[in-house]
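Undergrad: Fold the stuff below for me.
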Amino acid sequence: MTDGSRSGPLRDLRVVELAGLGPTPFGAMLLADLGADVIRIDRPDPGPISDELIGDAILRGRTTVSLDLKHPDAAEVVLRLVESADALVEGFRPGVTERLGIGPEPCLARNPGLVYGRMTGWGQTGPLAATAGHDLDYIALTGTLGAIGRPGELPVPPLNLLGDFGGGGMLLAFGVVSAVLEARWSGRGQVLDAAMTDGSALLATALYGMRNAGLWPGGRGENLLDGGAPFYDTYRTADGEAVALAALEPRFYAELLERLGLEDPAGGAHLDPATWPAIRTALTAAVGARTRAELDELFAGSDACYAPVLDLDQAPAHPHNVARRTFYDAPGGPLPSPAPRFSETPAATPAPPDRSVAALEGWGFNRAEVAELVAAGIARA
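TA: Numbering: from 1, shown residues only. Got it, this is the predicted structure:
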């Protein structure tokens, strides 16, 4: 079903989202960003932690309906929504939706072409499947956390980008679209088991490949792409700011040195780890003698693989981000725009979340039925 008010390549996709934290709402956001009609089923009282961690930013572009899923008649509401949906996504522990009467079996019985997307940390199977955890636990188990940080120091939590968002929500969205495509060819739905352990490991495929090939021989912070190489690291400027240098290839490395007015401390062997201490000493001194503004000007338009390290307040105002509209103005402040870009079916600027039980009327319920759900305490107005 296509909603004429929606735009983007997924504008004929309909998704039921069962409210959760972290990866599930992010995956649903990605689908909504690209035009999917997503209805989010939230608990009547999600609690302050849920509200604080989720917020309106990640709930953009979709409607939220509050349902008491523990009410004996609530399952029928969800099953009716499933009848006209392409997919359902949920992020509960294994077995929870089954106990609520809205697990894969009844949902697929109601709609055999449905994609039932399950998002968890440990996955639906395995010895840890039933235990609690968060992003940091999942990436710790897959080796990704252990690879991030400085030598001799504890690993550095990479925010919750690897588990929740990259290895979680993005994996979920990719899986949903893939399974929906298959269902439209075959007419058969299926259950999608997306786990943050699997996803964060998948993101590290190249890293594991380099390790296997002997190209990642060192420990944490001692290799080519983890800050071990001095030409792929961050440096402090004279005014206390930070800049990023990523001149891996010989010609980019040569331009970096030329712009800084340096002779090559490595003598043409900058990929040899034995030369790295000398390179680091030279770069630290050269960068530290200049302000970030001076370095911005020095490297403007160059291939030296330089960038200023911007904070969350500075990034939206950078000329490149402004030119590409990488951020848009939301009611509470700038937010990242939908991505990637599509030439024929561009995504619209996301709308703030709409919390209204009236959204059920667009999913097969009439106004009288919605009023009855509110009166019975199943839905909250």
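Undergrad: Confidence-wise, which helix or strand of the chain is lowest on average?
TA: Using mean pLDDT, DSSP states H and E, the weakest-scoring helix or strand in the chain turns out to be helix 48-58, at a mean of 66.
Undergrad: hey, where'd the helices end up in this structure?
TA: Using DSSP state H, the helices of the chain run over residues 23-33, 48-58, 74-83, 96-99, 104-110, 135-141, 170-186, 196-203, 205-212, 250-260, 276-288, 292-298, 319-324, 367-375.
Undergrad: Quickly compare those helices and say which is most buried.
TA: With neighbours defined by mean count of other CB atoms under 10 Å, none of these is more surrounded on average than helix 23-33, at a mean of 28. C-betas here are computed from N, CA, C, even on glycine.
Undergrad: could you dump that helix to CSV, C-alpha only?
TA: This file holds the C-alpha atoms of helix 23-33, laid out as CSV (Å, rounded to 0.1, in the frame of the first residue of the first chain):
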residue,chain,number,x,y,z
PRO,A,23,18.8,-1.1,17.9
THR,A,24,15.2,-1.9,17.2
PRO,A,25,14.0,1.7,17.1
PHE,A,26,17.1,2.7,15.2
GLY,A,27,16.4,0.0,12.6
ALA,A,28,12.7,1.2,12.4
MET,A,29,14.0,4.7,12.0
LEU,A,30,16.1,3.7,9.0
LEU,A,31,13.1,2.1,7.3
ALA,A,32,10.9,5.2,8.1
ASP,A,33,13.6,7.6,6.9
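Undergrad: mean pLDDT for the helices of the chain: which is lowest?
TA: When those are ranked by mean pLDDT, helix 48-58 comes last with a mean of 66.
Undergrad: before we move on, the earlier item: can you redo the helices of the chain as JSON lines with distance to Gly228?
TA: Output for the helices of the chain, formatted as JSON lines (distance: least, CB to CB, whole Å):
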{"stretch": "helix 23-33", "distance to Gly228": "30"}
{"stretch": "helix 48-58", "distance to Gly228": "34"}
{"stretch": "helix 74-83", "distance to Gly228": "50"}
{"stretch": "helix 96-99", "distance to Gly228": "43"}
{"stretch": "helix 104-110", "distance to Gly228": "45"}
{"stretch": "helix 135-141", "distance to Gly228": "20"}
{"stretch": "helix 170-186", "distance to Gly228": "27"}
{"stretch": "helix 196-203", "distance to Gly228": "20"}
{"stretch": "helix 205-212", "distance to Gly228": "12"}
{"stretch": "helix 250-260", "distance to Gly228": "15"}
{"stretch": "helix 276-288", "distance to Gly228": "7"}
{"stretch": "helix 292-298", "distance to Gly228": "22"}
{"stretch": "helix 319-324", "distance to Gly228": "28"}
{"stretch": "helix 367-375", "distance to Gly228": "59"}
